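Enquirer: Provided below for reference: sequence and predicted model.
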Amino acid sequence: MKKIISLVLTLLSCGVTAADLPKLQFAEKDSPHKLFLSTDSNQHSFDSWTIDSGYAYNLFDKVDVYVGTRLDDKKESGFLSGLSYQVSPRLSVKSSLHSYTDQDAPKGQESGIAAEVSSRVHLTEQLDLHATLDYQEWQQGFEVGIGFRF
């Protein structure tokens, strides 16, 4: 009896096929909402780093507005917000304002708001060229670098 049931089930399963389900209507478009996490090294020293994370919303075809937090190796952490513009698939420009708290800053300038404008050009799949202009109340900086992506 078990052999007959097994044989019948085997014969029935040979004719089974699968079909793709249609896409859901709300899933056809890309969502304008994004979460981001980015890391950079900066000009202060060889072993310096910055981590930005947060939420981005697509305003227009190539323009995103974002809010998030920044953490770096100098213990200058704070909130950030800005605009990102994708000029072409290889070129992007980003501007941001971020708050900071720095315990090593001169008296009265431990916290404030800094402005930053940066651009990035993808030269090859693993090689980027980037430039950053950064301004804080007690220090300014300009950085040009080449980055290698893994």
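Expert: On my side now, so go ahead.
Enquirer: The most centrally placed residue in the chain: helix or strand, and which one exactly?
Expert: Residue closest to the mean C-alpha point of the chain, counted by C-alpha atoms, centre = their mean, is Phe36 at 3.6 Å. Element membership of Phe36 [criterion: DSSP states H and E] is strand 33-40.
Enquirer: elements contacting that strand?
Expert: Contacts defined by 3 or more C-beta pairs under 8 Å, 6 or more residues apart in numbering; DSSP states H and E place strand 33-40 against strand 50-58, strand 63-72. (Glycine included, C-beta is placed from N, CA and C.)
Enquirer: Please repeat the previous calculation with a cut-off of 6 Å.
Expert: Judged by 3 or more C-beta pairs under 6 Å, 6 or more residues apart in numbering; DSSP states H and E, the packing partners of strand 33-40 are strand 50-58.
Enquirer: distance between the strand it packs on and the chain's centre?
Expert: Relative to its chain's centre, strand 50-58 lies at 6 Å (C-alpha atoms, centre = their mean, to the nearest Å).
Enquirer: Counting neighbours, which bits of it end up buried?
Expert: Within strand 50-58, the residues scored as buried using 16 or more other C-beta atoms under 10 Å are Thr50, Asp52, Gly54, Ala56.
Enquirer: do the same with stretch 57-70
Expert: For stretch 57-70, a neighbour-count test (16+ other C-beta under 10 Å) marks Asp64, Tyr66, Gly68, Arg70 as buried.
Enquirer: The first one contacts Ala56, doesn't it?
Expert: Just to be clear, that refers to Asp64. Yes. Under the criterion of C-beta atoms under 6 Å, Asp64 makes contact with Ala56 at 4.6 Å.
Enquirer: Which residue ranges of this protein form strands?
Expert: For the chain, applying DSSP state E gives strands covering 33-40, 50-58, 63-72, 78-86, 91-101, 111-122, 127-135, 140-148.
Enquirer: Among these, which comes closest to Asp20?
Expert: Evaluated over the strands of the chain, closeness to Asp20 peaks at strand 33-40, with 26.4 Å, by C-beta to C-beta.
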